[in-house]
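[1] Build me a model:
(one chain, ligands or ions: 1)
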Amino acid sequence: MAQNPPYKICFVPRSKEEEEEDEKIYKRYSEIVATLPTKEGWWGKPIYQYQGFWYNSGAFGVGPLAVQDHFKPRPTDVLVASIPKGGTTWLKSLVFAVLNRKSHPPSAQHHPLLIFNSHDLVPVMEMMLYSNILNGNRIPRLDILPSPRLFGTHMPYTSLPQSVALSSPRIVYICRNTKDTLVSWWHFTNKMRSNNSLEPMELEEAFDRFCKGMTSPGPFWEHVLGYWKASLERPQNVLFLKYEQMVDEPALHLKRIAEFMGCPFSSIEEEKEGVVDQIIKLCSFENLSNLAVNKTEENGSGFPNRVFFRQGKVGDSANYLSPEMMDQLDRITKQKFHGSGLTL
Ligand code: A3P
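    Numbers count the residues shown, from 1 in each chain. You can find the predicted model right below:
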């Protein structure tokens, strides 16, 4: 078996029989996906609509279907869920650092977050674990990971496997205000388009598609609302975080995250040692974006790590969107969230 650090997912080659069986299963999923509505995608491959949400096709295409059938949660699992561009990379780093702080103190010289991108430490289920095309016919050995296991997902709450509701792992969700999410997504899209030798997409086009709910997995508003409602109904299972609030008061929210995950900071010892501040510093945009691993390498889902770091600022969308675009997004957001108690 491949030697991996214990916190990192290990993949093993499939036997011939497993490979054949898997091929059959994935062929069936691909056939289902082929019957679903599609539209032109963001960076080359089409997007398809499944259970009301749009997903990128290509290597990840069957991921959500496979997760629904095959993911076996443990009650101790932690899922980092997010809307893409909502602060996923940051939240994954924070959650990993908090959960593993005993074995990997945040001040350690060789902390895993200094060596690996957080997407490799907290792999997205539907992209990195349950998309066999991408894994090159290797099985992720999730069963040998010590508890608490840590996974990421962009799947909407309503599409998470039934087993997640039954087994009640903890879900930490992050989102961000509509305008910054759109502008961050647009920049990300153009980095991906450039990697695929495609012309940049105009902001107007990205805006139009975003408003029509076609980000992946969008609609943005329905994604956010799904987790918001779940956090009200099952607060012990779903923690709902906003990027802007985390930027404003990182220590407060880091403590909330630790408590929610069942590993609160011990006020006397850890506060004296400054563990909270060390984690915030370790996971800061300035620190992570300047690491060699995040400047030059790719993560396991094939994305260059650098595309996940741009500015990390609140309100940068005002430098790109016209007043009319800002008004329109505010109007849609207000209308969609009406009566929910949520504001972004
Ligand atoms: P901007 O494009 O506005 O800079 P995601 O991780 O969900 O893909 O979101 C990416 C956004 O989070 C980008 O926003 C990126 O710069 C920002 N980001 C990445 N790492 C961060 C960190 N450690 N702290 C704060 N923001 C971060």
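[2] Got the phi and psi for residue 239?
    Here is the backbone geometry of residue 239 (degrees, to the nearest 10): phi -110, psi 120.
[3] my guess is it meets residue 170, correct?
    Yes: the pair residue 239 and residue 170 passes the contact test of CB atoms under 8 Å, sitting 7.3 Å apart. C-beta: built from backbone N, CA, C; applies to glycine.
[4] any residues in contact with both of those two?
    Applying CB atoms under 8 Å, 6 or more residues apart in numbering, one finds that residue 239 and residue 170 are jointly contacted by residue 260.
[5] Could you tell me which residues of the stretch 51-200 of the chain lie near the ligand?
    Residues of the stretch 51-200 of the chain lying close to the ligand by CB under 6 Å from any ligand atom are 82, 84-90, 180, 184, 187.
[6] Could you pick out which of those residues are located in helices?
    Among those, the residues falling in helices (DSSP state H) are 88-90, 180, 184, 187.
[7] Max pairwise distance over the residues you listed: which two?
    90 and 187 (16.0 Å; CB to CB).
[8] Can you show me the strands along the stretch 101-250 of the chain?
    In order along the chain, the stretch 101-250 of the chain carries the following strands (DSSP state E, counting those that start in this stretch): 138-140, 150-153, 170-175, 238-242.
[9] Backbone dihedrals for residue 47, both of them.
    phi -100, psi 150.
[10] Is it bridged to anything, and to what?
    Judged by DSSP bridges, the bridge partners of residue 47 are residue 39, residue 56.
[11] right, and it touches residue 36 too?
    No: under the criterion of CB under 8 Å, residue 47 makes no contact with residue 36, lying 10.0 Å away.
[12] Compare neighbour counts for those two and give me the winner.
    When neighbours are counted by other CB atoms under 10 Å, residue 47 comes out ahead of the other of residue 47 and residue 36, with 25 against 15.
[13] coming back round to it: tabulate the strands of the stretch 101-250 of the chain (CSV), appending mean neighbour count and mean pLDDT.
    Converted to CSV, those look like this (neighbours: other CB atoms under 10 Å; pLDDT from 0 to 100):
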stretch, mean neighbour count, mean pLDDT
strand 138-140, 17, 71
strand 150-153, 26, 96
strand 170-175, 24, 98
strand 238-242, 21, 98
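[14] I'd like the ones you listed as TSV, with distance to residue 294 appended.
    Listed next are the strands of the stretch 101-250 of the chain as TSV, based on distance: least, CB to CB, whole Å:
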stretch	distance to residue 294
strand 138-140	23
strand 150-153	16
strand 170-175	19
strand 238-242	22
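[15] Out of the ones you listed, which gets nearest to residue 315?
    Ranking those by their distance to residue 315 (criterion: CB to CB) puts strand 238-242 first, at 13.5 Å.
[16] what about that closest one, near the ligand?
    No: with CB under 6 Å from any ligand atom as the threshold, strand 238-242 lies outside contact range of the ligand, at a closest distance of 12.0 Å.
[17] worst-scoring helix or strand of the chain, pLDDT-wise?
    The weakest-scoring helix or strand in the chain, judged by mean pLDDT, DSSP states H and E, is strand 138-140 (a mean of 71).
[18] shaky segments in this protein?
    Along the chain, segments meeting pLDDT under 70 span 1-4, 6, 59-60, 132-138.
[19] please redo it, this time with the cut-off set to 80
    1-14, 58-60, 131-141, 267, 300-301 (pLDDT under 80).
[20] What ranges does the stretch 201-344 of the chain have for its helices?
    Using DSSP state H, counting those that start in this stretch, the helices of the stretch 201-344 of the chain run over residues 203-211, 220-233, 243-248, 250-260, 269-273, 275-282, 285-289, 292-296, 323-337.
[21] Include mean neighbour count and distance to residue 116 when you put the ones you listed into TSV, please.
    What follows is the helices of the stretch 201-344 of the chain, written out as TSV (neighbours: other CB atoms under 10 Å; distance: least, CB to CB, whole Å):
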stretch	mean neighbour count	distance to residue 116
helix 203-211	17	30
helix 220-233	20	26
helix 243-248	17	22
helix 250-260	18	20
helix 269-273	13	24
helix 275-282	19	13
helix 285-289	15	11
helix 292-296	14	6
helix 323-337	14	35
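[22] Between the ones you listed, which one is closest to the ligand.
    Distance to the ligand, taken as CB to the nearest ligand atom, is lowest for helix 285-289 among those, at 3.7 Å.
[23] what helices or strands is the closest one leaning on?
    Here helix 285-289 touches helix 88-99, going by 3 or more CB pairs under 8 Å, 6 or more residues apart in numbering; DSSP states H and E.
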